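Trainee: Show me how the following folds:
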Amino acid sequence: MSDATPEPGATDFDAMTRDIAEVPAVEVIVTVAVNLMSAAAVKLGLTEEGDRHKDLDEARKLVHALGGLLDASATEISSFHAAPLRDGLKSLQLAFREASAVADEPGQGPGEKYTGPVFG
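Mentor: Okay, the predicted model is just below:
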């Protein structure tokens, strides 16, 4: 005889699936974008702890992924959501340029494959 209540500490995947099913796609996309932006800011040393977590190789990957996500979802999310995300991406791209000891060629920085060259 099985009990429908999960054990303490067990993951209730059915409840998680129901919760995810109720979330509109645009909210999922925006949440992922904000998480990428936050992680990139940490890796760029833009938090209170500054250089403690700074890792430009990791930051490059995160900013590039953010650029790809925003490019791929541009027609799926409204400009109400897209505009601030694009502004955040550009800010991260500029911060990356400033933090890099060796500057990327215009158009070769993280995410610039999707946004075009970013100038300060």
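Trainee: Packing partners of whichever strand or helix holds Val30?
Mentor: Secondary-structure assignment from DSSP states H and E places Val30 in helix 25-43. Other elements packing on helix 25-43 under the criterion 3 or more Cβ pairs under 8 Å, 6 or more residues apart in numbering; DSSP states H and E are helix 56-73, helix 79-99. Backbone N, C-alpha and C define where each C-beta goes, glycine included.
Trainee: any idea which of those helices is most buried?
Mentor: Stretch with highest mean neighbour count among the helices and strands packed on helix 25-43: helix 56-73 (a mean of 19; mean count of other Cβ atoms under 10 Å).
Trainee: by how many degrees do it and helix 79-99 diverge?
Mentor: Interaxial angle, helix 56-73 versus helix 79-99 (axes from the mean of the first three to the mean of the last three Cα atoms, to 10 degrees): 160 degrees.
Trainee: what residues does helix 56-73 touch?
Mentor: 29, 32-33, 36-37, 39-40, 43-44, 82, 85-86, 89, 92-93, 96, 99-100, 110-115 (Cβ atoms under 8 Å, 6 or more residues apart in numbering).
Trainee: Run through this structure and note the low-pLDDT ranges.
Mentor: Where the chain drops to pLDDT under 70, the residues are 1-10.
Trainee: how long is stretch 70-89 end to end?
Mentor: 9 Å (Cα to Cα, to the nearest Å).
Trainee: just stretch 21-30 next, same as before
Mentor: 16 Å.
Trainee: and what of stretch 102-109?
Mentor: Stretch 102-109 end-to-end distance (Cα to Cα) = 11 Å.
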